[in-house]
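In: Got a sequence here, can you build the structure:
(chains A and B)
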There are 2 protein chains.
Amino acid sequence: MDSNWEILTTGVGGKTTLADHLSTLKPGSRIGVDPALLSYSESKNISNKIKKNNIELVPITTNLIDLLWSDRPGMSDDKISFLKLELSGISLKEKLVQVREMIKKRGGTGLVITGLDQIAWLFNLRGSDIDCNPLFYSYSIVTNDKVSLFVEKEKLTEEAVQNLEGVEIFPYADIFDHLKFLSKSSEETKIITDSVCSWAIVDAIGTENIVEEYSPATVLKLTKNKVELDGMRNCHIRDGVVSVKFFSWLEKELLQNNMNLKIGECEAAEKHLEFVKEQQHFVGKSFATISVVGANAAAGHYSPSKGSDALIDINQIYLIDVGSQYLDGTTDMTRTWHFGTPTGWEKECFTRVLKGFIKIDDLVFPSGTTGYVLDPIARMSLWEAGMDFFHNTGHGVGSFLNVHEGPIGIGIKPYFNDFGLKAGMVVTNEPGYYESGNFGVRTENVCIVVDKETPHNYGGTKYLTLESVTLCPIQAKLIMPSVLEPKEISWLNNYHKVVWEKLSPHFEEGSYEYEWLSRNTAPI
Amino acid sequence: MDSNWEILTTGVGGKTTLADHLSTLKPGSRIGVDPALLSYSESKNISNKIKKNNIELVPITTNLIDLLWSDRPGMSDDKISFLKLELSGISLKEKLVQVREMIKKRGGTGLVITGLDQIAWLFNLRGSDIDCNPLFYSYSIVTNDKVSLFVEKEKLTEEAVQNLEGVEIFPYADIFDHLKFLSKSSEETKIITDSVCSWAIVDAIGTENIVEEYSPATVLKLTKNKVELDGMRNCHIRDGVVSVKFFSWLEKELLQNNMNLKIGECEAAEKHLEFVKEQQHFVGKSFATISVVGANAAAGHYSPSKGSDALIDINQIYLIDVGSQYLDGTTDMTRTWHFGTPTGWEKECFTRVLKGFIKIDDLVFPSGTTGYVLDPIARMSLWEAGMDFFHNTGHGVGSFLNVHEGPIGIGIKPYFNDFGLKAGMVVTNEPGYYESGNFGVRTENVCIVVDKETPHNYGGTKYLTLESVTLCPIQAKLIMPSVLEPKEISWLNNYHKVVWEKLSPHFEEGSYEYEWLSRNTAPI
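Out: Predicted coordinates:
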């Protein structure tokens, strides 16, 4: 950029916020803004902060930058395909019944959906307009008698069109005219939307309508159906096969083929991708792979770039955080590995993190408990020694949808307290520990929240626990057994037994992969 | 009451709420209410709920019941005495500096205090207008240059008056006139109060002033000073001596003096009071003693009445929850005891509760963590077996003030998430388990939140832990050692070592009490 620009950093670690910066402008300023590029809640938040200095936001529906932008690329024309009932589990028709029930219960007559994953979920459609997320640009309106989808019709596959019977399809850009018309159609009209939609949407429907925190589609999507849960279990078996291929390949290269300090972080990630591409139903990555060695692993969710990436070193900890989109589910796994001899301190850190991981995986809790209050259980064993990690313990996971799916999760984000965990929800469990400039450890599984039979049933409460669906050994070499309690050792041995039973049939007896799996799932 | 009245139950376990009931009245109703008897937040809450039916609350400052109430007893003329600096730790003058700093920081020019414990704390005064709470009816106004106390002057002891130099004293009822005058005194006037004050107070100061959730006095009072903490430790030694006298007396009566099924729940409570009255600085009970046997202990915070109370039976669990006000601190303790042979099931319940109790007592956590998120740690061992308890794990404790002091605590009340725990705060730790119609168990200590040295200090965070100040054996007979982890057994033995060291010097070697204490603090 030339010197006409001053860059202000915002967001995590940023030096200011948009609202704070705007409130330093000259009192009386009127700030033009494209209301389609600002969420309604953020516009309210900014307006509240700047109004005390007599500054206001002015919506300008013709984006002035767009007018100047002559060589702007067009919108993606990637195809949108239909997700068959044997993969989605519930038809559009049934989902509409559930959504309309919730609209009615909340006192609305209609719903405008702007969340792309909500739309993909409702219509059982998937696209590829956004890297790693199988979504497509669109809007939707659901009323008691109509349902419309705003998307360029030519993007839809023939199968998709056939499965949208009864759905009115309009061009993407027509949403605003439809909303203006709809909101004036009757005195009784009350359209629901959620507060993450753009200011332009709320402006179009009018604020006399209902802006809620969570759309019915968001709420319904949280709890996965049986088909989705089976898919989640199945794709994790395939993902587990990939993990065995990947780790045994890497071990063989480093220890037998003399490739220490010759394989880059990116090359390892590419090899992983090569293995996962062989799998049935594989669609693409669910996020940019984090394949990191030594100090790079301490940088949290950093991912390397080819050329500037480090070489994998058997004397340093290696960490891979990788996930895929399959037609039947979404995966997200982290494993920390040492191909040489870890130090005692590295083992202590790994083991304290593992204790938190096991405590969460093994926990029994009443249905409806939020991940917000369960978070400290993942940290207790670190806190004991004055250690901690500065990210959440886990996030919700979509079903062949976003790998980070809100608003549930285990951690300190206030909205993790908004919905209690229920059977059928899917979350990750991923505590870690990071020593800046030195190393990082993290262990992550995707888990399904499942019903748990308990010896008692106090107060008639239903109890839940987590079922790990991720299948990959946890490296025993990094464990300090004296730090584990007997029941934690049982947990580990039992987990490895399951990994062995589910993955070993996929490898030939005597192969390197088979032997690697056998060694790495042996009881400690 | 005669048949003109219909009784509607509200509150915990109630069938309705005041707001819900009022919204069923005829649309257009205008409901008269004495605004001095309704908190501002409750009046807003009710008004919001009933306005959709076009119903409104109308403040009537002349209470119509009071006009009819001819034989109404006058207000208490109990004396209000001064709490010396060697007991309060910080003078009124110093507290005023802190309060005024917070008023300024919040953009106010004055503060009206209506919380009686806030006033008692600020002025270092204590009264006895309310059972178990050493408070006196009063109001206070603090501005930058003035401080006034609204209380009948003749209630103050001479020493109290001498220590209120610079404080303007006005009759209790004059507060409203003063507030009206104050709020109109200048354009810049911004008076702060908290939302639990009465509607009448907010009406008097005008809503253009600042109504906050927590008064500066509430916030400052949360963290106890060194003198208060030393007092808390000291009064718990005296309270521990009483516990030993009480439990050894009860054991001797039941097992040696043939008094099984001859001592009532109330008689035991009275005996406890007899012992505690002998102690230095004792002022009174901090709440109605819960002395209960068998099924009565399952009724949670129930307390027996003389005549209808049960007899203590060596074949049933006995539970006592008792606390006192001392000049140097406030106590609150629960112990569960079996004088015969407990069943395996009773032992399992007691031990699972104890595990949660130890986990909380032994926990290390970062400064600022809230009791809201720590609560599940007290329940994990119960949840594992499908068990739970339906009350909070702990509450804040005042310093020779209310035994339940908000807004901190360990538990599910949303406001327990409003303030992080800091060194110097005082909370109880009291998990339980209750089997309706059969028995109840609960173990409770008062704990000071203290700094904890940890081997590491990740991210420069300060770590905290709890220091139990309650000194009374936990009955080993009720413990199933196989359910405890080795470090839980160490915790118990270490706690009993402390109890023995602090209490045994107060008993004569060879006495029944001394032997009882020795037996009940022996390592398991």
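In: Could you use CA atoms for every contact and neighbour count after this?
Out: Noted.
In: Next, the residue in the stretch 101-250 of chain A that chain B sits nearest to: phi, psi?
Out: Nearest residue of the stretch 101-250 of chain A to chain B, counting by C-alpha to the nearest C-alpha: A:Gly107, 14.1 Å away. Dihedral angles of A:Gly107 (phi, psi; degrees, to the nearest 10) stand at phi 80, psi 20.
In: Can you give me the pLDDT of it?
Out: Looking at A:Gly107, its pLDDT reads 89.
In: mind listing what A:Leu492 touches?
Out: Residues near A:Leu492 by C-alpha atoms under 8 Å, 6 or more residues apart in numbering or on different chains: A:Pro523.
In: do A:Lys79 as well
Out: Counted by C-alpha under 8 Å, 6+ apart, A:Lys79 has contacts A:Gly127, A:Ser128, A:Lys155, A:Leu156, A:Thr157.
In: Try it again at 7 Å.
Out: A:Gly127, A:Lys155, A:Leu156, A:Thr157 (C-alpha atoms under 7 Å, 6 or more residues apart in numbering or on different chains).
In: got a winner among those residues for most neighbours?
Out: If you count neighbours using other C-alpha atoms under 10 Å in any protein chain shown, the busiest of these is A:Leu156, which has 21 neighbours.
In: Can you tell me the number of residues neighbouring the closest residue to that residue other than its chain neighbours?
Out: Computed as C-alpha to C-alpha, 6 or more residues apart in numbering or on different chains, the closest residue to A:Leu156 that is not its neighbour in sequence is A:Ile80, at 4.8 Å. Neighbourhood size, A:Ile80 [other C-alpha under 10 Å]: 26.
In: hang on, the earlier thing: please report how far the residue of the stretch 101-250 of chain A closest to chain B lies from A:Val211.
Out: According to C-alpha to C-alpha, to the nearest Å, A:Gly107 and A:Val211 sit 12 Å apart.
In: more neighbours, those two?
Out: Ranked by neighbour count (other C-alpha under 10 Å), A:Gly107 and A:Val211 place A:Val211 first, with 22 against 13.
In: strands paired with the worst-scoring helix or strand of chain A on mean pLDDT, and their directions?
Out: Here the helix or strand of chain A ranked lowest by mean pLDDT, DSSP states H and E is strand A:210-212, holding a mean of 84. In the sheet, strand A:210-212 lines up against strand A:191-194 (parallel) (DSSP bridges).
In: Is A:Leu57 within a helix or a strand, and which one?
Out: Using DSSP states H and E, A:Leu57 sits in strand A:56-59.
In: show me what contacts the residue nearest to A:Leu156?
Out: A:Ile80 neighbours (C-alpha under 7 Å, 6+ apart): A:Leu125, A:Arg126, A:Gly127, A:Lys155, A:Leu156, A:Thr157.
In: And A:Ile141, which helix or strand is it part of?
Out: Assessed by DSSP H and E, A:Ile141 sits inside strand A:139-143.
In: which regions of the stretch 301-450 of chain A lie under the pLDDT threshold?
Out: Residues of the stretch 301-450 of chain A meeting the criterion pLDDT under 70: A:301-302.
In: all strands of it, in order?
Out: Using DSSP state E, counting those that start in this stretch, the strands of the stretch 301-450 of chain A run over A:318-322, A:324-326, A:329-330, A:333-337, A:365-366, A:394-395, A:409-410, A:426-429, A:432-435, A:439-442, A:445-451.
In: mind listing what whatever helix or strand comes next after the last one pairs with, with the direction of each?
Out: Meaning strand A:445-451. The helix or strand immediately downstream of strand A:445-451 is strand A:463-468, counting by DSSP H and E. Under the criterion DSSP bridges, strand A:463-468 sits next to strand A:365-366 (antiparallel), strand A:445-451 (antiparallel) in its sheet.
In: ok, and what's touching stretch A:386-396?
Out: Under C-alpha under 7 Å, 6+ apart, the answer for stretch A:386-396 is A:375, A:378-379, A:382, A:404-406, A:408-412, A:426-434, B:454-458, B:463.
In: Export the strands of the stretch 301-450 of chain A to JSON lines and append columns for mean neighbour count and distance to A:Cys349.
Out: What follows is the strands of the stretch 301-450 of chain A, written out as JSON lines (neighbours: other C-alpha atoms under 10 Å in any protein chain shown; distance: least, C-alpha to C-alpha, whole Å):
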{"stretch": "strand A:318-322", "mean neighbour count": "23", "distance to A:Cys349": "14"}
{"stretch": "strand A:324-326", "mean neighbour count": "27", "distance to A:Cys349": "28"}
{"stretch": "strand A:329-330", "mean neighbour count": "28", "distance to A:Cys349": "29"}
{"stretch": "strand A:333-337", "mean neighbour count": "23", "distance to A:Cys349": "11"}
{"stretch": "strand A:365-366", "mean neighbour count": "26", "distance to A:Cys349": "27"}
{"stretch": "strand A:394-395", "mean neighbour count": "24", "distance to A:Cys349": "19"}
{"stretch": "strand A:409-410", "mean neighbour count": "29", "distance to A:Cys349": "21"}
{"stretch": "strand A:426-429", "mean neighbour count": "29", "distance to A:Cys349": "17"}
{"stretch": "strand A:432-435", "mean neighbour count": "24", "distance to A:Cys349": "7"}
{"stretch": "strand A:439-442", "mean neighbour count": "26", "distance to A:Cys349": "7"}
{"stretch": "strand A:445-451", "mean neighbour count": "23", "distance to A:Cys349": "18"}
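In: sorry, back to before: which outside residues touch the least confident helix or strand of chain A?
Out: For strand A:210-212, using C-alpha under 7 Å, 6+ apart, the contacting residues are A:Lys190, A:Ile191, A:Ile192, A:Thr193, A:Asp194, A:Ser195.
In: ok, 10 Å please
Out: A:40-41, A:106-108, A:110-111, A:190-197, A:202, A:205 (C-alpha atoms under 10 Å, 6 or more residues apart in numbering or on different chains).
In: Give me every residue in the stretch 301-450 of chain A lying close to chain B.
Out: Counting by C-alpha under 10 Å from any C-alpha of the partner chain, the positions of the stretch 301-450 of chain A adjacent to chain B are A:359, A:362-366, A:369-377, A:379-390, A:411-412, A:433-435.
In: Done for today, thanks.
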